[in-house]
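In: any chance you could fold what I've pasted below:
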Amino acid sequence: MHMAEIMAHTTKLDKQGRLIIPAEIRKKLSLSEDSVLIIEILGNQLIIKKKMAVSKEQREDWKKKLKNMEIRAFTEEYNQNNESTKWMSEEYVRNKLGL
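Out: Numbers count the residues shown, from 1 in each chain. Sure, this is the predicted structure:
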């Protein structure tokens, strides 16, 4: 099991509500001037995460791989007695999934 290193710093907001992220943290997370951050609120906590960049080429590659995968639509549900309780045609399901 990998244990995450905990790093804590104190900082203040300026008059415009901006937050300075200490240099040590910026360096550790490879944050630069154009880094995109996601800010979430969890109770009374402010969670700031680095948004991972995915190149257009990588997205296109994943899209091609997904389109070429052989996916069989699941069309039935069974109860405890192994009796079909819900059914729809495979053609309908594939159409709804865009396959």
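In: so where do the helices sit in this structure?
Out: Along the chain, counting by DSSP state H, helices occupy 23-28, 56-68, 90-97.
In: mind telling me which of these the model trusts least?
Out: Lowest mean pLDDT within these: helix 90-97, a mean of 78.
In: hmm, what's the outermost residue in the chain?
Out: N81 (38.1 Å; Cα atoms, centre = their mean).
In: now do that residue against M88, distance only.
Out: Look at N81 and M88: by Cβ to Cβ, to the nearest Å, they are 20 Å apart. In this view, the C-beta of every residue, glycine as well, is placed from N, C-alpha and C.
In: pop the domain breakdown of this structure in here.
Out: 1-53, 56-97 (automatic domain parsing).
In: which of the ones you listed has the lowest average pLDDT?
Out: domain 56-97 (a mean of 77).
In: gap between the two ends of it?
Out: End-to-end distance for domain 56-97, by Cα to Cα, to the nearest Å: 23 Å.
In: pull the distance from it to the chain's centre.
Out: Computed by Cα atoms, centre = their mean, to the nearest Å, the chain-centroid distance of domain 56-97 equals 21 Å.
In: same question, stretch 38-50
Out: Its chain's average C-alpha position is 15 Å from that of stretch 38-50, according to Cα atoms, centre = their mean.
In: residues making contact with it?
Out: 21, 29, 31, 35-37, 51 (Cβ atoms under 8 Å, 6 or more residues apart in numbering).
In: cutoff 10 Å now
Out: The set of residues external to stretch 38-50 that reach it, using Cβ atoms under 10 Å, 6 or more residues apart in numbering, is 19, 21, 25, 29-31, 35-37, 51-52.
In: just the ones in strands from those residues, please.
Out: L37 (DSSP state E).
In: select only the buried ones of the contacts of stretch 38-50 in PyMOL?
Out: In PyMOL syntax, the buried subset of these is picked out as below (16 or more other Cβ atoms under 10 Å):
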select buried, resi 31
